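Peer 1: sharing a model that was predicted from the sequence below.
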Amino acid sequence: QVQLVESGGGLVQAGGSLRLSCAASGRTFSNYNMGWFRQAPGKEREFVAAISWSGGSTYYVGSVKGRFTISTDNVKNTVYLQMNSLKPEDTAIYYCAASRYSGRGAGLYDYWGQGTQVTVSS
């Protein structure tokens, strides 16, 4: 059974940092692309970042470029999202997802985690 389990969310002040983790299990993800999405109250789910398991290519939404970094640890089968210089508008539930395809559309992703809440206070 495929499982993606996120952790690392929490409450942080503006300007602070958090590192989200996504532990993947249940299948081989070496040919998958891994993504982070977020959904704020009353808004649609938004692409944040993506990476191939090989780590060769990374993609970011413009609003997080230079502040967020996505990475993988192939030994631990874990994907990370390092978030620095956090802003109140980064407040959302953050989801990890896996896709056989490269892209930013949520519909491309086959597997999803349960989400972890990130709240940034001003």
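Peer 2: Nice, thanks for sending it over.
Peer 1: show the pLDDT at residue 55.
Peer 2: Listed pLDDT for residue 55 reads 67.
Peer 1: try residue 23
Peer 2: 96.
Peer 1: also the one 5 residues further on?
Peer 2: Model confidence at residue 28, given as pLDDT, is 82.
Peer 1: distance of it from residue 19?
Peer 2: Computed with C-beta to C-beta, to the nearest Å, the distance linking residue 28 and residue 19 is 25 Å. Heads up, the C-betas are built off the backbone N, CA and C, glycines and all.
Peer 1: what about these two, which has more around it?
Peer 2: Using other C-beta atoms under 10 Å, the more surrounded residue of residue 28 and residue 19 is residue 19, with 14 against 9.
Peer 1: for the more buried one, list each beta-bridge partner.
Peer 2: Residue 19 forms beta bridges with residue 82, as assigned by DSSP bridges.
Peer 1: that one against residue 82, yeah?
Peer 2: Yes. With contact defined as C-beta atoms under 8 Å, residue 19 counts as touching residue 82 (5.0 Å).
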